[in-house]
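**Q** Need a 3D model of the sequence below.
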Amino acid sequence: MDEKFNQPLGGNDMPRFGGPGTMMRLPTATSAEGLDACFVGIPMDIGASNRSGTRYGPRQIRAESVMIRPYNMATGAAPFESLQVADIGDIAINTFNLPANMEIITRGIREILKHDCIPLTLGGDHTISYPILKAIAEKHGPVALIHVDAHADINDTMFGEKIAHGTPFRRAYEDGCLNPNLVFQIGLRGTGYASDDFDWSRDRGFTVVPAEECWHKSLVPLIEGIRAKIGNHKTYLTFDIDSLDPAYAPGTGTPEIGGLTVIQALEIIRGCRGLNLVGADLVEVSPPFDTTGTTAITAANLLYEMLCVLPGVKYKR
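**A** Residues are numbered from 1 along each chain as shown. Just a heads-up that it's a prediction; the model follows:
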């Protein structure tokens with residue numbers, strides 16, 4: 001173990017039910033200065049259209065991260081021997097003003113990126129991906145996007161509003177944040193308002209992979225093909241927990257049956273190894289509907305897996 005890097009607090013040093021309430025019980029930092037990657041929370045749910053509660057998502061994900069150990073036994077990744085990582089807390093959103101939060105979040109992510117630190121964001125509803133992508137694109141230009149979700153989130157409006165958790169990727173496209181030919185939407189499913197609901201994405205060059213195309217199969221070939229198409233292009237990964245079937249992730253605002261499995265989620269994220277990832281988020285965990293903590297446990301582990309595939313992570317084998 002390289003002591004120059006921050007380490008999660010181990011279970012033999014402090015019981016899992018004690019210690020700091022940070023992601024993986026990592027040290028805290030007041031800014032991203034000196035960090036290679038950071039965990040940052042955005043406790044917001046005023047963009048949600050059905051069940052609320054994602055404002056509690058970051059806190060619960062951190063609480064359920066206490067069992068995660070530093071070394072990835074499956075992949076050999078040793079992120080805490082490779083990168084300087086800390087939990088920098090939450091962006092102080094405006095509880096009552098959704099449009100104002102777009103600038104607040106962009107400003108917060110912009111500050112992280114100023115230090116060449118990769119943000120791993122704990123949501124929060126999916127509206128947050130739009131202002132994050134604005135900050136990412138300011139620094140890196142239009143990015144490739146791997147979007148894992150039950151919903152396309154490309155509505156023009158919701159209840160007449162341009163900003164909501166069903167609109168972020170239309171807004172990001174309109175603002176030039178995305179390379180449309182390198183946008184991959186995986187796991188889309190459910191009912192719609194018209195048969196062509198997903199065609200807006202396709203018409204802009206996005207690749208749409210409905211959940212039905214993922215059933216009963218490994219997604220390793222899918223993500224290998226995506227990785228080959230993206231190449232070295234700067235890439236953002238956004239993972240909506242409702243992409244998973246409600247059997248695995250019931251604690252979310254807009255559940256849809258027939259979703260991905262946890263194993264498929266791991267295949268997708270682990271398959272991102274080698275991509276030039278410049279940021280990632282995990283959104284839509286709603287603890288009030290997560291009575292056993294299963295959804296938050298899954299979310300915490302998927303965020304750890306995202307950390308493990310960031311550029312610069314050493315692998316023991």
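**Q** Quick check: the gap between the closest residue to Gly192 other than its chain neighbours and Arg107.
**A** With CB to CB, 6 or more residues apart in numbering as the criterion, Gly192 has its nearest non-adjacent residue at 7.7 Å, and that residue is Phe198. For every residue, glycine as well, the C-beta is placed using N, CA and C. Noted for Phe198: a distance of 33 Å to Arg107, by CB to CB, to the nearest Å.
**Q** Next, count neighbours for Pro221.
**A** Pro221 has 11 neighbours, counted by other CB atoms under 10 Å.
**Q** Give me the local confidence score for it.
**A** At Pro221, the model reports a pLDDT of 98.
**Q** Helix, strand, or coil at it?
**A** Assigned with DSSP: H, G, I helix; E, B strand; the rest coil, Pro221 falls in the helix class.
**Q** Tell me what Tyr315 is bridged to.
**A** Ala77 (DSSP bridges).
**Q** all helices of the stretch 151-300 of the chain, in order?
**A** 168-174, 199-203, 220-230, 262-270, 294-308 (DSSP state H, counting those that start in this stretch).
**Q** Could you point out which of those helices sits nearest Phe17?
**A** Nearest to Phe17, of all the helices of the stretch 151-300 of the chain, is helix 294-308, at 14.5 Å by CB to CB.
**Q** Report the angle between that closest one and helix 262-270.
**A** 20 degrees (axes from the mean of the first three to the mean of the last three CA atoms, to 10 degrees).
**Q** Buried ones in helix 294-308, by neighbour count?
**A** Buried residues in helix 294-308, defined by neighbour count with 16 or more other CB atoms under 10 Å: 294-308.
**Q** before we move on, the earlier item: please look at the residue nearest to Gly192 and Val208 and confirm they touch.
**A** Yes. With contacts counted by CB atoms under 8 Å, Phe198 reaches Val208, the gap being 5.2 Å.
**Q** spatially speaking, which residue is in the middle of this protein?
**A** Closest to where the C-alpha atoms of the chain average out (CA atoms, centre = their mean) is Asp281, at 2.1 Å.
**Q** Give me the nearest residue to that residue, chain neighbours excluded.
**A** Using CB to CB, 6+ apart, the nearest residue to Asp281 is Thr121, at 3.9 Å.
**Q** how near is that neighbour to Ala280?
**A** In terms of CB to CB, Thr121 sits 7 Å off from Ala280.
**Q** So which residues of the stretch 51-200 of the chain form strands?
**A** 77-78, 85-90, 118-123, 143-148, 178-188 (DSSP state E, counting those that start in this stretch).
**Q** Buried residues of stretch 177-192, list them for me.
**A** 177-180, 182-190.
**Q** Averaged pLDDT, it. What do you get?
**A** 97.
**Q** cool, and stretch 195-214?
**A** Rounded mean pLDDT across stretch 195-214 is 96.
**Q** Stretch 305-316 now?
**A** The model assigns stretch 305-316 a mean pLDDT of 97.
**Q** Please provide the alpha-carbon coordinates for it, formatted as CSV.
**A** Presented in CSV, the C-alpha positions along stretch 305-316 are these (Å, rounded to 0.1, in the frame of the first residue of the first chain):
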residue,chain,number,x,y,z
GLU,A,305,-16.4,0.3,-10.0
MET,A,306,-16.4,3.6,-11.9
LEU,A,307,-13.4,4.7,-9.8
CYS,A,308,-11.6,1.5,-10.7
VAL,A,309,-11.8,2.2,-14.5
LEU,A,310,-10.6,5.8,-14.4
PRO,A,311,-7.4,6.6,-16.4
GLY,A,312,-4.3,6.0,-14.3
VAL,A,313,-5.6,3.2,-12.1
LYS,A,314,-3.1,0.5,-11.6
TYR,A,315,-4.0,-3.2,-11.9
LYS,A,316,-2.3,-5.8,-9.9
